[in-house]
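In: sequence unknown, structure follows:
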Ligand SMILES: *Cc1c(COP(=O)(O)O)cnc(C)c1O
Ligand code: SF4
């Protein structure tokens, strides 16, 4: 019998990831925020190498605690959504969210109040309107299919969307933000890859937070995607007690690169409701980035970013190394913490 994704208290108890004493609290959590744990993830969290995976997906009573800084729209998506499925914050690129469901529900999800089991995605006519919007705006250059997880769409539906985008001359690249390769690797098959490959410049950005998520099955699928010529990048969320130390981050970024995935973003935890137990401070994040820079390959360095509440977008918040001391002199801190004076010797900007 094909194993099912676990979505309820009963399934969580049957797999012994919660105890009967927790069941009342967890029922309350599930009424607010969907749960989904795929068979692949369940195997990982019930195996030996699970330290950083369990808490990402198994609900806990801590999610019932909300703080005043937290919000149901933590990165201000609503203000930038001119029509269903479109979030348009930047001039040259746009998010196209076709579905509102994911293969798993991450407990720290920034869109947790918009994605969830049973949420309807775009209707065919809403999808047509969203595509018309993209077709009409010639300043757009990039379309990003994002969460809900676009790779949960059937290859046939994906094909249709990619074909439409391919027909728009101003659209140079199509990007997918997805968690499917790490949480439901069985979905990555030749049919799906063929659908993606219909566009000459499709990029996949994988969401992955801990090296233990990169199981042998996952790595096999990453190889399929890389061999198909699809550029792979990653985005991770900095998560307290999961990946907030240099050793785990180093192992994560190296393992990604070995699998031909370039670390792109490390997100500071968003102010989504009931997620304080996952957040670190920005100071801690900067200290981690500082420890990585130098001893660990430059290819392993993602941008550490904050997505501002209110909708102003992503901002790099990594450590600073340079302070200006006079007009053309800067004090620069090197990667071992020593300070150097640097004279910025160049012609003035307006010199003919
Ligand atoms: C994150 C995001 C993007 C992509 O930003 P990049 O910095 O290009 O990766 C685009 N649009 C919206 C609305 C976003 O939230
Ligand atoms: S895959 Fe992305 S959108 Fe879906 S639950 Fe996880 S973080 Fe949220």
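Out: Looks like it came in fine. Keep in mind the model is a prediction, meaning the values are calculated, not measured. Residues are numbered from 1 along each chain as shown. Ligands and ions are numbered 1, 2, ... in the order given.

In: tell me which stretches of the stretch 101-250 of the chain form helices.
Out: Assigned by DSSP state H, counting those that start in this stretch, the stretch 101-250 of the chain shows helices spanning 124-136, 155-166, 180-183, 190-196, 216-227, 246-258.

In: tell me which of those helices sits most buried.
Out: helix 180-183 (a mean of 27; mean count of other CB atoms under 10 Å). Any C-beta I mention is one placed from the backbone N, CA and C, and that applies to glycine too.

In: now do that helix: everything it contacts.
Out: Helix 180-183 has contacts (CB atoms under 8 Å, 6 or more residues apart in numbering) with 38, 40-41, 103-104, 149, 151-152, 187-188, 204, 206-208, 213-214, 218, 221-222, 225.

In: before we move on, the earlier item: dump the helices of the stretch 101-250 of the chain to JSON lines, plus mean pLDDT and distance to ligand 2.
Out: Output for these, formatted as JSON lines (pLDDT from 0 to 100; distance: least, CB to the nearest ligand atom, whole Å):
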{"stretch": "helix 124-136", "mean pLDDT": "98", "distance to ligand 2": "18"}
{"stretch": "helix 155-166", "mean pLDDT": "97", "distance to ligand 2": "17"}
{"stretch": "helix 180-183", "mean pLDDT": "98", "distance to ligand 2": "8"}
{"stretch": "helix 190-196", "mean pLDDT": "97", "distance to ligand 2": "17"}
{"stretch": "helix 216-227", "mean pLDDT": "98", "distance to ligand 2": "15"}
{"stretch": "helix 246-258", "mean pLDDT": "98", "distance to ligand 2": "16"}
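
In: need these in a markdown table (columns: distance to residue 349).
Out: Below are those laid out as a markdown table (distance: least, CB to CB, whole Å):
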| stretch | distance to residue 349 |
| --- | --- |
| helix 124-136 | 38 |
| helix 155-166 | 40 |
| helix 180-183 | 46 |
| helix 190-196 | 44 |
| helix 216-227 | 43 |
| helix 246-258 | 37 |
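
In: looking at the protein, which helix or strand does the model trust least?
Out: strand 322-326 (a mean of 90; mean pLDDT, DSSP states H and E).

In: tell me the helix or strand right after that strand.
Out: Under the assignment DSSP states H and E, the closest C-terminal helix or strand after strand 322-326 is strand 329-333.

In: off-centre distance for whichever helix or strand comes after that following strand?
Out: Reading on from strand 329-333 to the C-terminus, the next helix or strand found by DSSP H and E is strand 339-343. Computed by CA atoms, centre = their mean, to the nearest Å, the chain-centroid distance of strand 339-343 equals 37 Å.

In: count the neighbours of whichever residue of the stretch 151-300 of the chain sits closest to ligand 1 for me.
Out: Across the stretch 151-300 of the chain, the shortest distance to ligand 1 (CB to the nearest ligand atom) belongs to residue 265, at 6.8 Å. The local packing of residue 265 (other CB atoms under 10 Å) involves 19 other residues.

In: surely it is in contact with residue 303?
Out: Yes. If you go by CB atoms under 8 Å, residue 265 and residue 303 touch, sitting 5.6 Å apart.

In: pLDDT score for residue 197?
Out: For residue 197, the pLDDT comes out at 97.

In: surely residue 135 meets residue 168?
Out: Yes. The pair residue 135 / residue 168 is scored as a contact, 5.4 Å apart, by CB under 8 Å.
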